[in-house]
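Asker: output the structure for:
(2 chains)
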Amino acid sequence: MTTFRLTRVLIAILCCTSLLAATSARAEQVVVYSARIEQLIKPMFDAFTRETGIEVKFVTDKEGALLARLKAEGRNTPADMLITSDAGNLWEAAREGLLRPVESEVLESNIPAHLRDPGKQWFGLSVRARTLVYNTQKVKPDELSTYEALADPRWKGRLCLRTSKKVYNQSLVAVMIDELGEAKTEQIVKGWVANLATDPLSDDTRALEFVAAGKCDVTVVNTYYYGRLMEKTPSLPLAIFWPNQAGSGVHVNISGAGITRHAHAAPAAIRLLEFLSSEQAQNLFADVNMEYPANPRVASAPAVAAWGGFKQNPINLVRAGELQTEAVKLMDRAGYR
Amino acid sequence: MALLVLIPVGTVASSFLVPADDVWRHLAETTLPGLLANTFWLALGVAGGTVSLGVGLAWLTAVCEFPGRRFFSWALLLPLAIPAYVTAFVALGLLDYTGPVQTALRAWLGTDPGWFPDVRSRGGVITVMVLAFYPYVYLLARNAFLTQGRRSLEAAQSLGLTPRQGFLRVALPMARPWIAGGTMLALMETLSDFGTVAVFNYDTFTTAIYKAWFGMFSLTAASQLATLLVVIVLATMLVEQRFRSRMRYAEARQGQHMRRIALSGGHAWLAAALASATLFLSFLLPVTQLAIWAGGVFSQDFDRRYLEFFGHSLLLSLLATLLVCGFALLVTYAARRHGDALTRVAVRVATIGYALPGAVLAVGVFIPVAWLDNRLADLAAAFLDSGSGLLLQGTLLAVLAAYTTRFLAVGHSPIDSAMQRITGSIDEAARGLGLSGWAMLRRVHLPMLRGGIFTAAALVFVDVMKEMPITLMTRPFGWDTLAVRIFEMTSEGAWEQAALPAVALVLAGLLPIMLLVRQTERH
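Answerer: Modelled structure (predicted):
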């Protein structure tokens, strides 16, 4: 019977892979669970291995799945480090007890205080700035000022937004709740919704394309999407405006990392974390995706620096995590899909 | 056996042990009514659309004769190879406000035409999903029409029915288990879908599940919502099954040569036009766009690793196909031998994994596997005096178990339908010849189930290849597949780069589809 023969083959394959897995787990190595995708981490891992001889093994997935995975694996987890592409999920990982505090002078001197956990469980490694982008043919920069001002009726039918389901918008609103209070923030979000030129869009690139095509005049996006699009089509009538410069500053999120509570190779993993925060790796880490280095001593890539300097909102990103659920609920109430 | 499949679903359902009232209250007060309405209309639209298109095309290619029929009979299966969210992204890219169609139109008219339909709408999502999922119905219905035999239709005609009446009153009712099975697959795929609706930003029940999980950090509430979804699907299934529980289906004698209904001039071209339009929209258009994008990034992205992704995808799909088909066969056979209500319900429940959103099911599989793994590790630590780490996760066991849970429904539907064609008298005859148990399954049933098994195998193979969340969560280190590659690209919004693995995925999916068609064509 072919079915049974195939079953036997199947079992043999399974046994082989498990043996392989068991034998390969011996050399010194760090295991990373990463929600930051392969192209944006592998170059740094390779550099780390070249320098220290420590292998880096990693697996990529979405944040939610990685957190569920760490939790289910408990103290036998193979993972030493968790990398995410936002602060909210690092906060959640810390809250669930999946990370451990790290005492490191290197990290504390390399990463500014607002980009790391006061409990020392996670550290930002690159900065993702969420800013305004406008159509240069339809808007003069002096018409723009703040995120909040986009709720003004003068922008009716001129605003495009990405869906509220994206964590970057959730963090932005969470920070606004912290600064302005819930009632005021809800009023602003309702104002945004009333000003929309079209239903919320599925991603930042699409929002930029809508602004360029003239369907709307202004949108809120992460800068690297703007960078990528302009690199491909430099002729688009789009420009960046840094909002809230007279107030709290541009909303930033991070891509960051923490050491898992049950890490088996904690010292090596901390070494990797310190390496990622160092001047040597920071450029690579940020520049592969046109993000900003978290380490203030490192300059951003020339293409990115050309967009001009700006004041970052110095609020600690812990607040973005703490208030994220509130933010999601608020946006639901305001009808922001 | 069904129990094994039930563990992950049970893990998800056990979330009800922990209250998550807060999230529920919030949803009920804000978005839930709208989500339910959205989901209802989407399900209804997709079911209606896939049945009309799938059954219509199946009838045309199985029973009628028109120009290009031979080609269309297999080509119409090709859309199966494209993940629905990819079709969605391509459709939006082409037809949305910023796409080439509307841009050209604006340039031509000099102004924004208000009449162009909004693609990001309910109609848009339904259209894309119908184009992506109709092959499930098409494949199963076609199988039914091909095996019905010519006799019944001839009998109908001799009783004075026109071909059209013959279709409606004879062929269609006889094909019901197949059509229902295919529609159920399309429906479950629709309800568990997240990628397609996310591209359209069309909020469904699944959206709420993901929002509870990723936005509000409540996996508990997400699992509870997912369980509710499963209960609804289960209820629908049981109702449908009840409606046809009194019916018996028998296979027409094989070996009769089918004489096709030759469509007359106008009708023949109409049939050809319908088939061409479907094929163009559901396959040629998206694949052309993908190929153009892939061509643009080919030189910078393509490397030797693609061979590895390709190999992993093929191997995983192959292993999963064998497992799922084996399981489906056993489950079907068990239900046949013990035809009581309890077994029937158990079988239904065992195939319900397909209605769970993939990422939720992935967690449902992962938790018990990790639990078992931890116990094994404890055991190893006690005996070996040294931690061995987690063993099972280094193997393909977890990922294959997860696939089996998810895709049992896909394997079960065609095999079960085929099994219903085998009459009880055949079993009796076999028993009279001294065959029973395994021997009966092997020597009597298996040869008769061939068509059903091949259909199941092809569907499972292609579905596994496209699967993303389970592969992501349960794959061993280094086991990246084409679907994983697509995730890597799309999660940072690099859709055009994702075209390269997507094209490779389509190519890899073509082979089993071709094989399948050759098999069914032999009837």
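
Asker: what helices and strands are in contact with the helix or strand where B:T183 lies?
Answerer: Assignment of secondary structure by DSSP states H and E places B:T183 within helix B:176-192. With contacts taken as 3 or more Cβ pairs under 8 Å, 6 or more residues apart in numbering or on different chains; DSSP states H and E, helix B:176-192 sits against helix B:32-63, helix B:122-148, helix B:205-210, helix B:219-243, helix B:397-420. C-betas here are computed from N, CA, C, even on glycine.

Asker: chain center to stretch B:6-20, what's the gap?
Answerer: Distance, stretch centre to chain centre, for stretch B:6-20: 24 Å (Cα atoms, centre = their mean, to the nearest Å).

Asker: try stretch B:351-360
Answerer: Taking Cα atoms, centre = their mean, one finds stretch B:351-360 lying 11 Å from the centre of the chain it belongs to.

Asker: again, but for stretch B:213-230
Answerer: Computed by Cα atoms, centre = their mean, the chain-centroid distance of stretch B:213-230 equals 22 Å.

Asker: ok so, going back, hmm, the helix or strand just after the helix holding B:T183 touching chain A?
Answerer: Next along the chain after helix B:176-192, taking DSSP H and E as the criterion, comes helix B:195-200. Yes. Counting by Cβ under 8 Å from any Cβ of the partner chain, chain A has neighbours in helix B:195-200: B:198-200.

Asker: and the angle from the helix holding B:T183 to helix B:397-420?
Answerer: Here helix B:176-192 runs at an angle of 150 degrees relative to helix B:397-420 (axes from the mean of the first three to the mean of the last three Cα atoms, to 10 degrees).

Asker: model confidence over helix B:176-192, on average?
Answerer: Averaged across helix B:176-192, pLDDT comes to 92.

Asker: do stretch A:330-337 as well
Answerer: On average, stretch A:330-337 scores 96.

Asker: and stretch B:481-497, by the same measure?
Answerer: The average pLDDT within stretch B:481-497 is 88.

Asker: how about stretch A:219-231?
Answerer: For stretch A:219-231, mean pLDDT rounds to 96.

Asker: just the C-alphas of it, formatted as PDB.
Answerer: Coordinates of each C-alpha in stretch A:219-231 appear next as PDB, following Å, rounded to 0.1, in the frame of the first residue of the first chain:
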ATOM      1  CA  THR A 219      -1.900  62.600   5.100                       C
ATOM      2  CA  VAL A 220      -0.100  61.200   8.100                       C
ATOM      3  CA  VAL A 221       2.600  58.600   7.400                       C
ATOM      4  CA  ASN A 222       5.900  57.100   8.600                       C
ATOM      5  CA  THR A 223       8.800  58.900   6.800                       C
ATOM      6  CA  TYR A 224      10.400  55.800   5.300                       C
ATOM      7  CA  TYR A 225       7.300  55.100   3.200                       C
ATOM      8  CA  TYR A 226       7.700  58.600   1.800                       C
ATOM      9  CA  GLY A 227      11.400  57.900   1.300                       C
ATOM     10  CA  ARG A 228      10.800  54.700  -0.600                       C
ATOM     11  CA  LEU A 229       8.100  56.100  -2.800                       C
ATOM     12  CA  MET A 230      10.200  59.200  -3.700                       C
ATOM     13  CA  GLU A 231      13.200  57.100  -4.400                       C
END
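
Asker: in that stretch, what counts as buried?
Answerer: Residues of stretch A:219-231 classed as buried under the neighbour-count rule (16 or more other Cβ atoms under 10 Å in any protein chain shown) are A:219-230.

Asker: ok, stretch A:305-323 next?
Answerer: For stretch A:305-323, the neighbour count (16+ other Cβ under 10 Å) marks A:307, A:310, A:312-313, A:315-323 as buried.

Asker: in helices, which of those appear?
Answerer: Using DSSP state H to define helices, the subset of the buried residues of stretch A:305-323 located there is A:318-322.

Asker: is B:A262 bridged to anything, and to what?
Answerer: Under DSSP bridges, the beta-bridge partners of B:A262 are B:E65.

Asker: shouldn't it be in contact with B:R69?
Answerer: No. In this structure, B:A262 is not within contact of B:R69 by Cβ atoms under 8 Å, at 10.3 Å.

Asker: between the two, who's got more neighbours?
Answerer: For B:A262 and B:R69, the more surrounded residue by other Cβ atoms under 10 Å in any protein chain shown is B:R69, and the numbers stand at 18 against 10.

Asker: now the more buried one: closest residue in space that isn't a chain neighbour?
Answerer: Of all residues beyond its chain neighbours, the one nearest B:R69 is B:T61 (5.6 Å), with distances taken as Cβ to Cβ, 6 or more residues apart in numbering or on different chains.

Asker: if I look at the one you found, how far off is B:G311?
Answerer: B:T61 is 34 Å from B:G311, where distance means Cβ to Cβ, to the nearest Å.

Asker: same question, B:V197
Answerer: Taken as Cβ to Cβ, the span from B:V197 to B:G311 is 32 Å.

Asker: swap in B:L229?
Answerer: 35 Å.

Asker: out of those two, which sits in the more crowded spot?
Answerer: B:L229 (24 against 13).

Asker: wouldn't that one be in contact with B:L191 here?
Answerer: Yes. Here B:L229 reaches B:L191: they are 6.1 Å apart, a contact under Cβ under 8 Å.

Asker: where are the low-confidence patches of chain A?
Answerer: Low-confidence segments of chain A (pLDDT under 70): A:1-27.

Asker: quick one, domains of it?
Answerer: Annotated domains of chain A cover A:29-127+A:253-305, A:129-251+A:320-333 [automatic domain parsing].

Asker: would you format these as a markdown table with distance to B:A88 included?
Answerer: Converted to a markdown table, the domains of chain A look like this (distance: least, Cβ to Cβ, whole Å):
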| stretch | distance to B:A88 |
| --- | --- |
| domain A:29-127+A:253-305 | 19 |
| domain A:129-251+A:320-333 | 9 |
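
Asker: just the residues contacting stretch A:220-233, thanks.
Answerer: Applying Cβ atoms under 8 Å, 6 or more residues apart in numbering or on different chains, the contact partners of stretch A:220-233 are A:128-133, A:147, A:150, A:161-162, A:168-169, A:172, A:203-205, A:207-209, A:236, A:238, A:240, A:253, A:289-292, A:303-304, A:307, B:493-494.

Asker: do you know the pLDDT at the residue lying closest to B:L391 once chain neighbours are set aside?
Answerer: Excluding its sequence neighbours, the residue lying closest to B:L391 (Cβ to Cβ, 6+ apart) is B:L376, at 5.7 Å. We have a pLDDT of 86 for B:L376.

Asker: neighbours of B:L376, how many?
Answerer: By other Cβ under 10 Å, the residues close to B:L376 number 16.

Asker: need the helices for the stretch 1-150 of chain A, in chain order.
Answerer: For the stretch 1-150 of chain A, the helices defined by DSSP state H, counting those that start in this stretch cover A:2-23, A:42-52, A:63-73, A:87-95, A:105-110.

Asker: how close does the residue in chain B that chain A sits nearest to get to B:T404?
Answerer: Using Cβ to the nearest Cβ, B:G394 is the residue of chain B that sits closest to chain A, at 2.7 Å. From B:G394 over to B:T404 the distance is 19 Å, taken as Cβ to Cβ.

Asker: neighbour count for those two, which is higher?
Answerer: It is B:T404, of B:G394 and B:T404, that has more neighbours when counted by other Cβ under 10 Å, with 24 against 21.

Asker: residue contacts, the more buried one?
Answerer: B:5, B:320, B:323-324, B:327.

Asker: for B:T395, see how far away it is.
Answerer: B:T404 sits 14 Å away from B:T395, going by Cβ to Cβ.

Asker: again with A:I240
Answerer: Applying Cβ to Cβ to A:I240 and B:T395 gives a distance of 49 Å.

Asker: repeat that for A:V167.
Answerer: Taking Cβ to Cβ, one finds A:V167 at 33 Å from B:T395.
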